[in-house]
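# pasting the sequence and the predicted model now:
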Amino acid sequence: NISANSNKILVPSINPEESQLLIDDAYPSNQLKMCISQNTFTAISKRFILRNVGFKIFPLWLLTAGATYYNDKLMLTGVLTAVFILCSALVVLRWKRWGITNDDEFVYLRQGLIGVDYICFPAYKIQQSQFIQNRLMKRHQLASLQFILASGAIKIPMIKESLAYQMIDESLFKVESSKRSWM
């Protein structure tokens, strides 16, 4: 049972080669296989780790582990420390998976936590693009990029500001110059 809010099409019991055949059937001119083999994806900033571990997980761990240690609950402090290390490792895995690239026709996104998901969509199908930046991101020339498609929103956090502007400019040019319908 797939909910109406899901962005994914689930095709059961296929291997990566068969999924590539499905992608090639839907988008014959896609270069996803080449992007994966040559690793042309631009990674997100390492500040993603600092933001999530240093400003979100670490203070929470420090507060709870400090309180349990103060109350002589050493076993619980150890468990909390193990959970902190696990959560930090998952953030690093998430950072390592994020990446984005494009070619003349498609935008390719790599994401995941334990496994890796690849998203491939024609640039002319973009309905809206968003450049998201706060003061801390601006100081380090970083931005988040979001593309709105008919199937939903696709977001990539903390990429270089110049890359975000370039991707938006190229994508909007393809939308404007293409005569094809996004439907």
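Received it, and whenever you're ready, just let me know what you need. What you are looking at is a predicted structure, and each value in this text was computed from that prediction instead of being measured.

# point to the helix or strand of the chain where mean pLDDT is at its lowest.
Each helix and strand of the chain was given a mean pLDDT (mean pLDDT, DSSP states H and E); the minimum falls on helix 16-26 at a mean of 82.

# which parts of it are buried?
Using 16 or more other CB atoms under 10 Å as the test for burial, helix 16-26 gives Gln20. Every residue, glycine included, has its C-beta placed from N, CA and C.

# send me that helix as PDB with only the CA atoms.
In PDB, the C-alpha atoms belonging to helix 16-26 read as follows (Å, rounded to 0.1, in the frame of the first residue of the first chain):
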ATOM      1  CA  PRO A  16      20.400  -2.300  -9.800                       C
ATOM      2  CA  GLU A  17      21.000  -3.400 -13.400                       C
ATOM      3  CA  GLU A  18      17.200  -3.900 -13.900                       C
ATOM      4  CA  SER A  19      16.400  -0.600 -12.300                       C
ATOM      5  CA  GLN A  20      18.900   1.100 -14.700                       C
ATOM      6  CA  LEU A  21      17.000  -0.600 -17.600                       C
ATOM      7  CA  LEU A  22      13.700   0.900 -16.300                       C
ATOM      8  CA  ILE A  23      15.300   4.400 -16.100                       C
ATOM      9  CA  ASP A  24      16.800   4.000 -19.600                       C
ATOM     10  CA  ASP A  25      13.300   3.000 -20.900                       C
ATOM     11  CA  ALA A  26      11.700   6.100 -19.300                       C
END
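
# by contact count, what packs against that helix?
Contact analysis of helix 16-26 by 3 or more CB pairs under 8 Å, 6 or more residues apart in numbering; DSSP states H and E lists helix 32-38 as its packing neighbours.

# would you mark the buried spots in the helix it packs on?
Across helix 32-38, burial judged by 16+ other CB under 10 Å covers 32, 35-36.

# quick one: mean pLDDT over the helix or strand just after that helix.
Using DSSP states H and E, the helix or strand that follows helix 32-38 towards the C-terminus is strand 42-43. Taken as a whole, strand 42-43 has a mean pLDDT of 94.

# contacting residues around strand 42-43?
95-96, 98-101, 159-160, 163 (CB atoms under 8 Å, 6 or more residues apart in numbering).

# so what touches the strand or helix carrying Gly66?
Under the criterion of DSSP H and E, Gly66 resides in helix 58-70. Under the contact criterion CB under 8 Å, 6+ apart, helix 58-70 has outside partners 74, 76-77, 80-81, 83-84.
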